[in-house]
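K.L.:
Here is my input; please provide its structure:
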Amino acid sequence: MKIQLFLGNQLKAFVVFVIYNFTFTILSASGQTLSQEQAVQAALKNNELIKSAEYGVDYYRQLKKTGTDIGKLSAVWMHGQYNSIQQDNNFTLSQAIPFPVTLVNQVRLGKEQVIGGQKNLIQIQNEIGYQVKFAYEQLLYQDALRNVLITQDSLYQDFARASSIRYKTGESNLLEKTTAETQYLEVKNQLMLNEADIEISATRLQALLKSDKPIYNLEKLVKRMAPVNLDNSSLINNPQLGYLQQQVVIHDHVKRVEKSRMLPDITVGYFAQSLIGIQNIDGQDVFFPSSRAFQGFELGLNIPLWIGPHLARARAAAFQEEATRKNAEYFATNLQGNYVQALRELDKNLASLTYYENSALKNADLIISQARKAYKGGEIGYVEYLQSLKMALLIKTNYLQSLTQYNQSILKTEFLLGKN
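P.N.:
Numbers count the residues shown, from 1 in each chain. This next block holds a predicted model:
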């Protein structure tokens, strides 16, 4: 019965190990590996949100060309008895031109809208770059965790093998043997869960890059360099803040356009007409046929008699300008608070990481080394040995979490500063 239990546990561990390695090999082969910078560049090239923002810039560039639109030319031909019993002809051309101030304001509005489209593109690029780097950093953590779990797997495999031998020779009991085998199986399960997490992150990157294959990492989890300048004044470079502030400028120009439309339009025209009949020229009667054209020009103003709608549109534009200004001010206040919070998180994570780098990691390696020697030499029992392994491996896992949190804090700081 005991032999069957041992063989059963060993078989389960072997099956789990085979499934894990087979799954990892298949998934890696079906994906593609990219560095973090390559992943960011691929996302900036392929992401649909960025493509949409690029089309938005093109849209405003074309729209800017409409700022000098002066409307359609009016061409009217008139034929009939408008002068005498004769059938005369009249051909009139007229053009209403917006007041020059209106045209200037429309052109300036178009320029500001193009700038707004460009700043929208920059803020989306900053956001996508941050998301890619954050997901990639998570993938690096999961890959580093996999290496720790593999080390843990090897340690518990040795523990299970030693416990089995000790049990056969009567040096230990069934509890120790079963505990060792259970811990070994638990690590296998953690490896499978870790592989699932890796696949989730790879798929997340795949979506951000709009790739037909999952994205896996080429790099290793290392400590990132903090931005050089962490002064609050650098927040002015935040892309989203710049975009919102540009919206205020745009709506200010919209208001100016609406106000200038209350000014009169200028009308210019030209006419050519026949006046069939006799005209007295220098005391002599002269007959003018239909082929003889009389010409002239006209100049006038189109004055709005009812300015209520124009005033309403100007006031609406003013309210919209104030709304966008308050929105930008609200964002700036929140940005300041988020930045202070990000700096505090960065300091906290740096302190934690420093602790692991300076002492904890070295102690973890020493604990594993000494515990293995003591257990093999019979100086400690399996309970003390297992506790020592768990403590040391927990330190290594916590170090990876601390390193990842520190790196993610830097990514968030760079994102807020617009340095992605």
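K.L.:
doesn't G170 fall inside a strand?
P.N.:
No. Under DSSP: H, G, I helix; E, B strand; the rest coil, G170 falls outside any strand and is assigned coil.
K.L.:
Counting neighbours, what do you get for it?
P.N.:
Neighbours of G170 under the rule other Cβ atoms under 10 Å: 7. Glycine gets a C-beta too; all of them are placed from N, C-alpha and C.
K.L.:
gap between it and E176?
P.N.:
12 Å (Cβ to Cβ, to the nearest Å).
K.L.:
How about S352?
P.N.:
35 Å.
K.L.:
ok, the two, which is more surrounded?
P.N.:
E176 (21 against 18).
K.L.:
Which residues are in contact with the more buried one?
P.N.:
163, 166-167, 381-382 (Cβ atoms under 8 Å, 6 or more residues apart in numbering).
K.L.:
Buried subset of these as a ChimeraX selection?
P.N.:
Typed into ChimeraX, the line below selects the buried ones among the contacts of E176, using 16 or more other Cβ atoms under 10 Å:
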select :163,166,167,382
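K.L.:
Just the ones of the contacts of E176 in helices?
P.N.:
Using DSSP state H, the members of the contacts of E176 that fall within helices are 163, 166-167, 382.
K.L.:
coming back round to it: show me which pair in the contacts of E176 is furthest apart.
P.N.:
Y167 and G381 (13.6 Å; Cβ to Cβ).
K.L.:
Save the contacts of E176 as CSV, and put in pLDDT and distance to G116 too.
P.N.:
Shown next, in CSV, are those (pLDDT from 0 to 100; distance: Cβ to Cβ, whole Å):
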residue, pLDDT, distance to G116
S163, 72, 69
R166, 70, 74
Y167, 71, 74
G381, 78, 71
Y382, 76, 68
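K.L.:
Nearest residue to V114 in space, ignoring adjacent ones along the chain?
P.N.:
Leaving aside its chain neighbours, V114 sits nearest to Y60 (4.6 Å; criterion: Cβ to Cβ, 6 or more residues apart in numbering).
K.L.:
Isn't the one you found up against L109?
P.N.:
No. Using Cβ atoms under 8 Å, Y60 makes no contact with L109, being 10.2 Å away.
K.L.:
what are the phi and psi angles of L149?
P.N.:
phi -70, psi -30 (degrees, to the nearest 10).
K.L.:
That one contacts N194, correct?
P.N.:
Yes. Using Cβ under 8 Å, L149 is in contact with N194, at 5.9 Å.
K.L.:
Neighbour count for these two, which is higher?
P.N.:
In terms of neighbours (other Cβ under 10 Å), L149 is the more surrounded of L149 and N194; the figures are 22 against 19.
K.L.:
Just say helix, strand or coil for L263.
P.N.:
coil.
K.L.:
how close does it sit to A314?
P.N.:
From L263 to A314 the distance is 12 Å (Cβ to Cβ).
K.L.:
Kind regards, and thank you for your time.
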